[in-house]
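J.: my questions concern the predicted model and sequence given below.
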Amino acid sequence: MNAAFGSFSPAVRLLMVNQFGINVGFYMLVPYLADHLSGRLGLAVWLTGLLLGLRNLSQQGMFLVGGTLCDRYGYKRLIMAGCGLRTIGFALFAVSGSVPALVVASVLTGLAGALFNPAVRAYISVEAAERKVEAFALFNVFYQAGILAGPLAGVLLVSLDFRLTCFAAAGVFAALTVLQARRLPERHGTAANSTRPVLTDWKEVAANRPFVTFSAAMFVSYALSYQVYLALPLELHRLGHGQAPIAVMYTLTALLAVIGQVRLTAFAKARWRPEQAIARGLAVMGVAFLPVLLSTQVPLEPYGTAAAIAPALVTALILTAGGMLVFPFEMAMISTLGRQELTGTYYGLYNAFSGVGILLGNLASGWAMDLGRAHGVPGLPWLLLVIAGLGSALTIRGIDRAGRLRARQIAYTGVGGEK
C-alpha cells in the first residue's frame, strides 16, 4: 500500500490523510453526542433526535450547494471552509448548554460536511485523472481507518470529560484547516468565474439522463450499507449481549476495508468493466443478508454467544466487502457521466441522492422490522434487503446493457456568449 500511496501526487496524498483526520475527529465525538445531550444535559429524547436530525439535514440538504460552490470558487477554499466550520461547531458543543446554541452547533457541523465532502471528491477526481478508481480505493482505506481510530480515541476522552472530547475533535479540524492552507495546492474547476446562472448548471445536471439513471439505481446501495448502523446493531442488541458485539462488528468491518480494499479493487479492475464491478458488488451486498435471514429460521442462541452473534457479524463483513467492490468504481463513474467543469456539482447532487436513499432505506427497514415482529415473521426485513440488493444489481446490469450509462459530451451556451 505504501507504494500505491507514494505513486499519487502530493495533493491527492494530502487529501487522503485529510480524510483520515476528518473521520477521526468526527467519530471521536458524534457517536457519544446523543448520550451527552440526553444524559448529561438532560434534554428530552425528541429534542436530542431533533438536534441530530438538524445536523444530518443541514449536510444532506446543502450538498448540491456545496458542490456548486467548489466548482465556482475552488476546491481548496471549500475544503478549508468546511473544516473551519466544523472546528467552530464542535467547540460550541463543548461550551453550550442552551438549545439555541446547540442548534447552531448542529447546523454548522452539518453544513461543514456539505462544503468539504463534494470538494474533496471533486479534487481527487480531477487530480487523479485516469487513475480515479485506484485513488478512490486508497481513499476508502484512509476513510475506514479514521472510522476505526476515531471511536477508540473518543471512548478514552469521554471517560475523562466530554468537553475535552469536543475540544480535541475541534482541534483535529483546526489542524486540518491550517495544514491545507499551507500545503494543499489551489485547484479550480473550469467553471471558476463562470457567468452562467447557477440554476442553469443545476438544470444541466438534472437533465443528464445517464447520471440521473445511475444515481437512482444506486439508491439501494446506500440503504443497504447503512444497515450497519441501524438494523444490524438493533439485531445484536436484541440478542442481549450488550454493546461489545456492536463494537466488534465496527472494528472488524473497518479492518477488512483497511486491509483488503486496494487488493479487491485491483482484482476487479483487471477483470471487469466498472459497470460490471458495481453490479457484482450490489449483488454481494444483497446476498450479505442471507446469514441473518437464515438465523431467524434456525435460532442459534442455545449454542452460546459466539454462535448467536455470528450471523450478524458475517452479514456485516460480506456487506462491507460488497461496498468495497462498489465504492471506487462508483465514485469514478460519477465524474465520467458529465462535464469536468461541473464535477463538484455532480458529486454534490449525488451525495444528496444518497442521503435520500439512506432515509428511504431506514424508513423501509424500520417498517419491515416492526411489521415482522407484529406478525411473527422476523425474517421479513432481511428478506426485503436481499431482494433489494439483487434487484439493484439487475437494474445496473440492465441499464448498462441498454447503453444508458455511457458518458456523453454536453454542449452548452452560457450567458455572455460562454461556450
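T.: Alright, I've got the coordinates.

J.: now stretch 278-289: average pLDDT?
T.: The pLDDT scores in stretch 278-289 average 95.

J.: contacts for that stretch next, please.
T.: 218, 220-221, 224-225, 227, 268, 272, 315-316, 318-319, 321-326, 329-330, 333, 382, 385-394, 396-397, 400 (CB atoms under 8 Å, 6 or more residues apart in numbering). C-beta coordinates here come from the backbone N, C-alpha and C atoms, glycine included.

J.: low-scoring stretches of the stretch 251-400 of the chain, by residue?
T.: Within the stretch 251-400 of the chain, the ranges that satisfy pLDDT under 70 run 300-303.

J.: so which residues of it form helices?
T.: For the stretch 251-400 of the chain, the helices defined by DSSP state H, counting those that start in this stretch cover 274-287, 290-295, 305-336, 343-374, 380-401.

J.: measure Trp382 to Val356 for me?
T.: Distance, Trp382 to Val356, by CB to CB, to the nearest Å: 23 Å.

J.: now do the contacts for Pro328.
T.: Pro328 is in contact with 132-137, 139-140, 261, 265, counting by CB under 8 Å, 6+ apart.

J.: which of those residues count as buried?
T.: By neighbour count, with 16 or more other CB atoms under 10 Å, the contacts of Pro328 hold 132-137, 139-140, 261, 265 as buried.

J.: can you list the residues you listed in TSV and add distance to Leu50 and secondary structure?
T.: Output for the buried ones among the contacts of Pro328, formatted as TSV (distance: CB to CB, whole Å; DSSP: H, G, I helix; E, B strand; the rest coil):
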residue	distance to Leu50	secondary structure
Lys132	38	helix
Val133	40	helix
Glu134	42	helix
Ala135	38	helix
Phe136	34	helix
Ala137	37	helix
Phe139	33	helix
Asn140	32	helix
Gln261	36	helix
Thr265	39	helix
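
J.: biggest separation within those residues, which pair?
T.: Using CB to CB, those reach their maximum pairwise distance at Lys132 and Gln261, which is 14.7 Å.

J.: which of the buried ones among the contacts of Pro328 sits closest to Arg196?
T.: Ranked by distance to Arg196 (CB to CB), the buried ones among the contacts of Pro328 are led by Lys132 at 25.6 Å.

J.: quick one, what contacts the closest one?
T.: 124-125, 328, 331-332, 335-336.

J.: and which of those is nearest Gly171?
T.: Nearest member of those to Gly171, counting by CB to CB, is Ile124, at 25.0 Å.

J.: all helices for the stretch 101-250 of the chain, in order.
T.: With DSSP H, counting those that start in this stretch as the criterion, the stretch 101-250 of the chain has helices at 132-160, 162-183, 198-206, 209-217, 219-225, 231-238, 244-271.

J.: now the third one, how far from the chain's geometric center?
T.: This points to helix 198-206. 24 Å (CA atoms, centre = their mean, to the nearest Å).

J.: now do the buried residues in it.
T.: For helix 198-206, by 16+ other CB under 10 Å, it's 201-202, 204-205.

J.: name the helices or strands packed onto it?
T.: helix 63-73, helix 343-374 (3 or more CB pairs under 8 Å, 6 or more residues apart in numbering; DSSP states H and E).

J.: most tightly surrounded among these?
T.: Neighbour counts (mean count of other CB atoms under 10 Å) averaged over each of the helices and strands packed on helix 198-206 peak at helix 63-73, with a mean of 26.

J.: what's the spacing between it and its chain's center?
T.: Distance, centroid of helix 63-73 to centroid of chain: 18 Å (CA atoms, centre = their mean).

J.: ok, back up a step: ranking the helices of the stretch 101-250 of the chain by mean pLDDT, which is last?
T.: Looking at the helices of the stretch 101-250 of the chain, the bottom one is helix 231-238 with a mean of 81.

J.: hmm, who's touching it?
T.: 245-246, 249, 292, 309, 312, 315-316, 365, 369, 381-382, 385.

J.: and with 7 Å instead?
T.: 245-246, 249, 292, 309, 312, 315-316, 365, 369, 381 (CB atoms under 7 Å, 6 or more residues apart in numbering).

J.: what angle sits between that helix and helix 244-271?
T.: Put simply, helix 231-238 runs at 150 degrees to helix 244-271, going by axes from the mean of the first three to the mean of the last three CA atoms, to 10 degrees.

J.: what residues of helix 231-238 count as buried?
T.: 231-236.

J.: convert the C-alpha atoms of it to PDB, please.
T.: Extracted C-alpha coordinates of helix 231-238, given in PDB (Å, rounded to 0.1, in the frame of the first residue of the first chain):
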ATOM      1  CA  ALA A 231     -30.700  -3.000  11.500                       C
ATOM      2  CA  LEU A 232     -27.600  -4.900  12.400                       C
ATOM      3  CA  PRO A 233     -26.900  -3.100  15.700                       C
ATOM      4  CA  LEU A 234     -30.600  -3.500  16.600                       C
ATOM      5  CA  GLU A 235     -30.300  -7.200  15.900                       C
ATOM      6  CA  LEU A 236     -27.200  -7.500  18.100                       C
ATOM      7  CA  HIS A 237     -28.900  -5.600  20.800                       C
ATOM      8  CA  ARG A 238     -32.000  -7.800  20.600                       C
END
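
J.: angle of it against helix 305-336?
T.: Following the same axes, to 10 degrees, one obtains 170 degrees for the angle between helix 231-238 and helix 305-336.

J.: centre of the chain to helix 231-238, how far?
T.: 21 Å.
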